[in-house]
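**Q** here is the input, now give the coordinates:
(chains A and B)
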Amino acid sequence: MTVAVQFTDVSRVFGEVKAVDRVSIDIQDGEFFSMLGPSGSGKTTCLRLIAGFEQPNAGSIRIHGVEAVGLAPYQRDVNTVFQDYALFPHMNVLDNVAYGLKVKGVGKSERLARAEEALAMVALAGFGGRKPAAMSGGQRQRVALARALVNRPRVLLLDEPLGALDLKLREQMQSELKKLQRQLGITFIFVTHDQSEALSMSDRVAVFNKGRIEQVDTPRNLYMQPATPFVAEFVGTSNVLRDGLALQLSGSDNPFSIRPEHTRLAGSEPLGSDEVEISGLLHDIQYQGASTRYEIRLANGQNFCVSQANNQWQLGDAPVQPGQQVTARWARAAMVSLRREV
Amino acid sequence: MSHSLTAASRLPAEGWLRRAATLLYRKPNLYLSLLLVPPLLWFGAIYLGSLLTLLWQGFYTFDDFTMTVSPELTLANFAALFQPANFDIILRTVGMAVAVSIASGILAFPIAYYMARYTTGKTKAFFYIAVMMPMWASYIVKAYAWTLLLAKGGVAMWFVQVLHLQPLLEFLLGVPGVGGNTLSTSHLGRFLLFIYIWLPFMILPIQASLERLPPSLLQASADLGAHPAQTFWQVILPLSIPGIAAGSIFTFSLTLGDFIVPQLIGPPGYFIGSMVYAQQGAIGNMPMAAAFTLVPIVLIAVYLSIVKRLGAFDAL
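**A** Residues are numbered from 1 along each chain as shown, chains lettered A, B, ... in the order given. The predicted structure is shown next:
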């Protein structure tokens, strides 16, 4: 497998702010790669560095083996789907899609045919005559996608493209994007702050925090084996226990993570030899349909969350009430030891 | 008991002001018409009404012997516009207005682009003030000052001498239709003064239209493979046309109507503005002045419809 995009010790500084701080990544050719992180974590700057809208202050960026530092956006074989779609308002949809071919000097009949083809690929055949302003958000999104794909780039960059869509449309676009990526075999680099979106679509995910990469892994490994407290808490929900509590429960003073769904409220049964438990005051119960979350306040003031599946079909009584002293219990093997925070 | 208490506390002190406010709130159309009718009346009567009255006078008859206007309707005034002497004035004025608009546009665009896309905070404020400050000074004073600048032995001539450009200037002044004896009596000098005076009216609308241009559009263009020049012709220029159109309407119509600059700088010969001034002020031929007034209005209407047909306002 070849490397599509390679970052080596890339830094980008804006004044005092290190937006990207010595980042190194290898993005494989043909993979669906997500950059996940909160806003201001450097993920979008990384994308813009690949597109060429920003130049790094230090480090090397290679796109399919070619050093890209110093190259203008129009000299790179990558295309971008923008967060605000950035469709040209003075052109109709077909001309928007054909734009990349037009500026490269492709003849009129060929470029219009290829633009039609690209529109058909995103299920917008026949919409070419409309102006972008006359289309819905979801349709504009597809036009932006078609416009980027018509150039047949080797790498497609997507900058939070689903952020402006409502939930239903977003889920539909997620599966369509995934399907399109498999079908075309193009490397997709997808920037998002939505961890469930990153997990459900990607082959691999890089988690960004404060300009640095915390972990690069498959969605499954990221969720099951988070490397740092930040990843454990940002990807899904997690209880991260530190210092004295960690030492007492795991035998090591490294922080560890335990997922709420891997814990349960203990009844009267005795503690197993392979189990650990911790007690606290139940202060909130959130009934969520398929599961119920119990928020427990520990002695040190930290919140601890237990999530139990509601897999009994009988109505029954609520087992506990807020204000009670309860005990959360879990298998020792379910705890994931984390890297210490720097 | 408790019911009446809550009602009373909900509606305290039902004064006439409050009742009027409630009435207006309940009847938004009444509210809107109260707000809109006075300014609309003002606008309709003072602006459009007086303009139409003026244009209507263009159909009146002017008696050359008695120098009086009689309300007998005639098309003679409008026909007179096409007499060679009058038509020359129109052509001269329109030619100058077109040249001034094009040159202002070319000069204004880079400044407007820089202001819109590269300046922030204090630099932006500086540019705004620098562009508008010349407009704060009296127009007449500026025009007279330019007669001195362009005069023989003036600053402009001295500058040309220092740069050893006399041959070029003499060549330019020798071109028929452009030149004249000296800078201050040439079309070129008049052209320079017009550009100087109207440039801010071109810069500000273009700047406003460029400011509305999202940066992501330019990035998208580059991302799709367009070189900077292609991005300029395909994206920046088409999307700034509403601003250019607005600016050129200012420069075009202001040049068409101006009567001071043509008197101070340039060769003898009327402009539309100075002709209106002469007809109405000196001769008292209001009908002919009204007929001349129609010319800029018609020209601008034609210009706007052409620009609209070219799709300049589609992106608004």
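**Q** helix, strand or coil: sort out B:Tyr270 for me.
**A** Under the three-state scheme (DSSP: H, G, I helix; E, B strand; the rest coil), B:Tyr270 adopts coil.
**Q** I should have written B:Ala99 there, sorry.
**A** Counting by three-state DSSP, the backbone at B:Ala99 sits in helix.
**Q** list the contacts for the closest residue to it other than its chain neighbours?
**A** Once flanking residues are discounted, B:Ala99 sits nearest to B:Phe191: 6.1 Å by CB to CB, 6 or more residues apart in numbering or on different chains. Where you see a C-beta, it was placed from the backbone N, CA and C, and this is true even at glycine. For B:Phe191, the contact set (CB atoms under 8 Å, 6 or more residues apart in numbering or on different chains) comprises B:Met96, B:Ala99, B:Val100, B:Ala103.
**Q** and for A:Glu116?
**A** Counting by CB under 8 Å, 6+ apart, A:Glu116 touches A:Leu94, A:Ala125, A:Gly128.
**Q** so how far is the helix or strand harbouring the first one from its chain's centroid?
**A** Element membership of A:Leu94, judged by DSSP states H and E, is helix A:93-103. Relative to the centre of its chain, helix A:93-103 is centred 30 Å away, using CA atoms, centre = their mean, to the nearest Å.
**Q** can you point out the buried residues in it?
**A** Residues of helix A:93-103 classed as buried by neighbour count (16 or more other CB atoms under 10 Å in any protein chain shown): A:Val93, A:Leu94, A:Asp95, A:Asn96, A:Val97, A:Ala98, A:Tyr99, A:Gly100, A:Leu101, A:Lys102, A:Val103.
**Q** got it, and stretch A:297-307?
**A** A:Leu298, A:Phe304, A:Cys305, A:Val306, A:Ser307.
**Q** thinking again about what came up before, ok, the helix holding A:Leu94 near chain B or not?
**A** Yes - applying CB under 8 Å from any CB of the partner chain, one finds helix A:93-103 in contact with chain B at A:Tyr99, A:Gly100, A:Lys102, A:Val103.
**Q** and stretch A:161-174, by the same measure?
**A** No - Stretch A:161-174 is not in contact with chain B by CB under 8 Å from any CB; minimum separation 12.4 Å.
**Q** nearest to B:Tyr139 among the contacts of B:Phe191?
**A** B:Tyr139 has its nearest neighbour among the contacts of B:Phe191 in B:Val100, at 15.3 Å by CB to CB.
**Q** domain parsing of chain B, as residue ranges.
**A** Here chain B is described, according to the TED database, as comprising the domains B:16-58, B:76-310.
**Q** could you give me the average pLDDT of the shortest one?
**A** If I follow you right, that is domain B:16-58. Domain B:16-58 shows a mean pLDDT of 90.
**Q** quote the end-to-end distance of that domain.
**A** Domain B:16-58 has an end-to-end distance of 52 Å (criterion: CA to CA, to the nearest Å).
**Q** then the longest one?
**A** As for domain B:76-310, its first-to-last residue distance stands at 35 Å under the measure CA to CA.
**Q** if we can go back for a sec, A:Ile189 is nearest to which of the domains of chain B?
**A** Across the domains of chain B, closest to A:Ile189 is domain B:76-310 (CB to CB), at 13.4 Å.
**Q** off-centre distance for the closest one?
**A** From the chain centre to the centre of domain B:76-310 is a distance of 9 Å (CA atoms, centre = their mean).
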